[in-house]
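[1] predicted coordinates and the sequence they were generated for:
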Amino acid sequence: MSDLIVLKESINELVKNVVEKHGASRAELIPILNEINRKMGYLPSYALEEVARLTQIPKSQVFSVATFYQMLSTDEMGEHVIRFCESAPCHVVGGRQVWQRLQEELHLQPGQTSPDGKWTLVTVSCLGVCGVGPVLIVDDDMYGNVTPDMIPEILARYA
Amino acid sequence: MKVFRSMVLVSSDPQSMLHGAEEVFQRFQAEIKAFGLEDEVTVSMVGDIGRHDVFPLVIIYPEAVTYGPVGVDQVHAIVEEHLYKGRVIPEFQASVRELSGRIAWLNARKGTVPAEQRIVLERAGLIDPTSIEDYILHDGYAALGKVLTEMTPMDVIGEIQKSGLKGRGGAGFPTGLKWSFVSKANGDKKYVICNADESEPGTFKDRVILEGDPFSILEAMTIAAFAVGADEGYIYVRGEYALAQERLIQAIEQAKEYGFLGKGIFGTSFNFDIHVHSGAGAYICGEETALLESIEGKRGEPRIRPPYPTTHGLWGKPTLINNVETLANVPAIIRHGAEWYRQFGTPSSPGTKVYTVLGNVNVTGLIEVPMGITLREVIAIYARGMKNNRAFKLAQTGGSSGSVIPASLQDTPMDFDSYARAGVSLGSGALLICDEDTCVVDLARVLLNFFRRESCGKCTPCRVGTERAWYLLKRISEGQGALKDLEELLDLSDNLYQLSNCGLGQTAGTPIRDILKHFRAEVEAHIRLGVCPAGVCPMHEEIPASPVIA
């Protein structure tokens, strides 16, 4: 119980700072959510309620924006997030085989987090670095020209 | 202003950064200082320099020698031999044979093949994108100066109209005409927006422009603002382009310091400010009205048009929205005049086009060539042929919303009109070149999966249609298709085109229509014979007991 109170207080503090930094206006809603998401790894519903309270935007609309954009997540993510580009340019130059290998190594479906909370595997649309496809991103590190054989080595870097 | 005898450029695209570009850059700074060359040699990081096989790359001008891949350990030798003693180190040079994109055209094959014509990418990779002085030294802000001191807003719009510039975001709408609409719209508050939400799969031209030449976009937006009577601008950059955002924010600060943005620009009474707005990951926000909604802090769902943004845009005010590449043409047109611009490209589509060449070819990367070049030329000359000498089967243009172009159309000039006559679209400038090992059903399934994911869900034809079309294609690729599915797919494609609210849904059916028009036999083989001729689709492990022969 006390942990929960501490957590809520730290969220209150963080949301307050972010909202003050950007200003409590509707136009700043996406930048605000972006920054909270970056700092916390996702958007807990309590944080969204707090954003709604401080910006005077209806909760329903804060939630509807938070669930619309791919870079915002309302689900808690694993320690490391793997984003795999599933668009056509990566697909035709070997992305299909890389994806198969990723799934074999991690035993995860797209969007799933491993039971130990270490990995989250998501598929994303084009990341704009198609010259070096297939492309995947682990946390903030981008890997290009990926082959299936590189997967174990890439994953090992985050062990 | 200092004059340097040599310029060292270190690539800093994401791949290079991952391979230690930052350390190489810092070591260069340290070594140049150690040799006492800091007043003679400048070193900068320049973003993506259009080559995608070696990381990081170091280019030294004025000799235009390219070293790569450069490790921290080699920096001392390069500084000592090349910069201090003036001797090129051949063994550190990046192999010329594999040079791609613009570097290739800068040195290796100069004069032997048709060179690129660079207007939009004129400076990208050649100047330090974090220095406004570098930009000014390379004709930067000459166009804005001319506009503010010698031209009226109507002159500017007239010049852009005469140049025949068409929007490079995909639709090809005449730019000057759009400017005149906004100029004529009633209202004392107007906005200029640069659409940098580049999310079409396979397209990264705008990223390279923003990372390599951010000031050109600021200058072009300022010219546009003067022409249409706006005093505030936004650059909507897709959330994934962190470096581009950083560069723009830096550029805006410098432009303000120099009086190129803010109040009383060039000592006139003209005021203009630019904000950078980051997207949050939504393909649909590249659609201009969805983009407006997103800036206003809402879900990126397209508005009903008309009214168009030219009269009812951001916060309901008249708004000019142009793509990055479109804007990047503007300063050059003003500097050299419309006549000069029209000498490039074709009469109906003047100028150049930036393409990203991708797929099963020997050299991938970015090229800027005159409008009207053909696919055959792109593959043979710029992409240096198909990989492993496989046969060219099809090209997919313009990201997901483009067309599937069969080999039989590879001699059609790539300009807006010729492609429209051939029933295909140029799209946003991605050229995904596929060889005979590509299966059209598999490709269409991947493309429809994209639309299914990226549909905003606002209108039913798109939300349901893309899901259903994807499902049918998936069934066909698993050997579960029926011939009647093809009729349903064509119906869905028609419905998407006719009933969807915005461009996403309207173009989502294009791959289906194209593959059934050009590759129907291959699609039917999946259904009638239970085989994927290209050997890509999973199909059935065992042949069905009674194959369906209709």
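    Great, that's in hand.
[2] tell me how chain A divides into domains.
    Structural domains assigned to chain A are A:2-66, A:80-156, following automatic domain parsing.
[3] model confidence over the last one, on average?
    Averaging pLDDT along domain A:80-156 gives 92.
[4] so is that domain next to chain B?
    Yes. Domain A:80-156 reaches chain B (Cβ under 8 Å from any Cβ of the partner chain) through A:86-89, A:91-93, A:96, A:124-133, A:141-145. (Each C-beta comes from the backbone N, C-alpha and C, glycine too.)
[5] show only the entries of the residues you listed found in strands.
    Using DSSP state E, A:124, A:141-143 are the members of the residues of domain A:80-156 next to chain B that sit in strands.
[6] could you state which residue of chain B sits nearest its centroid?
    B:Lys205 (2.6 Å; Cα atoms, centre = their mean).
[7] winner for burial among the domains of chain A?
    domain A:80-156 (a mean of 19; mean count of other Cβ atoms under 10 Å in any protein chain shown).
[8] ok, back up a step: just flag the most distant two among the ones in strands among the residues of domain A:80-156 next to chain B.
    The most widely separated members of these, counting by Cβ to Cβ, are A:Val124 and A:Asp141 (14.6 Å).
[9] out of the domains of chain A, which comes closest to B:Met151?
    domain A:2-66 (33.0 Å).
[10] which stretches of chain B form strands?
    B:6-10, B:41-45, B:58-61, B:65-67, B:191-196, B:232-237, B:273-278, B:319-323, B:352-359, B:365-370, B:392-397, B:404-406, B:430-435.
[11] any chance of those strands in JSON lines, plus distance to B:Asp73, mean neighbour count and mean pLDDT?
    What follows is the strands of chain B, written out as JSON lines (distance: least, Cβ to Cβ, whole Å; neighbours: other Cβ atoms under 10 Å in any protein chain shown; pLDDT from 0 to 100):
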{"stretch": "strand B:6-10", "distance to B:Asp73": "15", "mean neighbour count": "22", "mean pLDDT": "86"}
{"stretch": "strand B:41-45", "distance to B:Asp73": "17", "mean neighbour count": "21", "mean pLDDT": "86"}
{"stretch": "strand B:58-61", "distance to B:Asp73": "13", "mean neighbour count": "22", "mean pLDDT": "85"}
{"stretch": "strand B:65-67", "distance to B:Asp73": "13", "mean neighbour count": "23", "mean pLDDT": "85"}
{"stretch": "strand B:191-196", "distance to B:Asp73": "38", "mean neighbour count": "27", "mean pLDDT": "98"}
{"stretch": "strand B:232-237", "distance to B:Asp73": "36", "mean neighbour count": "24", "mean pLDDT": "97"}
{"stretch": "strand B:273-278", "distance to B:Asp73": "38", "mean neighbour count": "19", "mean pLDDT": "96"}
{"stretch": "strand B:319-323", "distance to B:Asp73": "43", "mean neighbour count": "27", "mean pLDDT": "97"}
{"stretch": "strand B:352-359", "distance to B:Asp73": "33", "mean neighbour count": "27", "mean pLDDT": "90"}
{"stretch": "strand B:365-370", "distance to B:Asp73": "27", "mean neighbour count": "26", "mean pLDDT": "85"}
{"stretch": "strand B:392-397", "distance to B:Asp73": "42", "mean neighbour count": "25", "mean pLDDT": "94"}
{"stretch": "strand B:404-406", "distance to B:Asp73": "46", "mean neighbour count": "23", "mean pLDDT": "93"}
{"stretch": "strand B:430-435", "distance to B:Asp73": "37", "mean neighbour count": "27", "mean pLDDT": "94"}
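[12] and for residue 19, nearest residue in space, chain neighbours not counted?
    Picked chain A for this. A:Leu54 (4.7 Å; Cβ to Cβ, 6 or more residues apart in numbering or on different chains).
[13] the intended chain is chain B.
    B:Phe55 (4.1 Å).
[14] what's the burial count for that neighbour?
    Here the number of neighbours of B:Phe55 (other Cβ atoms under 10 Å in any protein chain shown) works out to 22.
[15] touching, it and B:Gly71? I think so.
    No. B:Phe55 lies out of contact with B:Gly71 (Cβ atoms under 8 Å); the separation is 10.8 Å.
[16] returning to what we had before: make a markdown table out of the strands of chain B and add distance to B:Ser500.
    Below are these laid out as a markdown table (distance: least, Cβ to Cβ, whole Å):
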| stretch | distance to B:Ser500 |
| --- | --- |
| strand B:6-10 | 45 |
| strand B:41-45 | 43 |
| strand B:58-61 | 46 |
| strand B:65-67 | 47 |
| strand B:191-196 | 20 |
| strand B:232-237 | 22 |
| strand B:273-278 | 26 |
| strand B:319-323 | 20 |
| strand B:352-359 | 26 |
| strand B:365-370 | 31 |
| strand B:392-397 | 20 |
| strand B:404-406 | 19 |
| strand B:430-435 | 22 |
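[17] make a markdown table from the domains of chain A and add distance to B:Gln93 to it.
    A markdown table is the format used below for those (distance: least, Cβ to Cβ, whole Å):
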| stretch | distance to B:Gln93 |
| --- | --- |
| domain A:2-66 | 40 |
| domain A:80-156 | 21 |
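[18] B:Pro14: which of the ones you listed is closest?
    Among these, domain A:80-156 sits nearest to B:Pro14 (Cβ to Cβ), with 4.3 Å.
[19] what about that closest one, start to end distance?
    This stretch, domain A:80-156, spans 12 Å end to end (Cα to Cα, to the nearest Å).
[20] likewise stretch B:201-210?
    By Cα to Cα, one end of stretch B:201-210 lies 18 Å from the other end.
[21] can you check stretch B:316-329 too?
    Across stretch B:316-329, first to last residue, Cα to Cα, it's 28 Å.
[22] for it, what is the distance to the chain centroid?
    Taking Cα atoms, centre = their mean, to the nearest Å, one finds the center of stretch B:316-329 at 15 Å from the center of the full chain.
[23] same check, this time on stretch B:230-243
    Worked out by Cα atoms, centre = their mean, stretch B:230-243 lies 15 Å from the chain centre.
[24] likewise stretch B:343-350?
    With Cα atoms, centre = their mean, you get 20 Å for stretch B:343-350.
[25] which ones are touching A:Arg83?
    By Cβ atoms under 8 Å, 6 or more residues apart in numbering or on different chains, the contact list for A:Arg83 reads A:122-124, A:127, A:136-138.
[26] 6 Å instead, please
    A:122, A:124, A:137 (Cβ atoms under 6 Å, 6 or more residues apart in numbering or on different chains).
[27] so how far is B:Pro201 from B:Gly429?
    The spacing between B:Gly429 and B:Pro201, counted by Cβ to Cβ, to the nearest Å, is 12 Å.
[28] what about these two, which has more around it?
    Using other Cβ under 10 Å as the criterion, B:Gly429 and B:Pro201 rank with B:Pro201 on top: 33 against 29.
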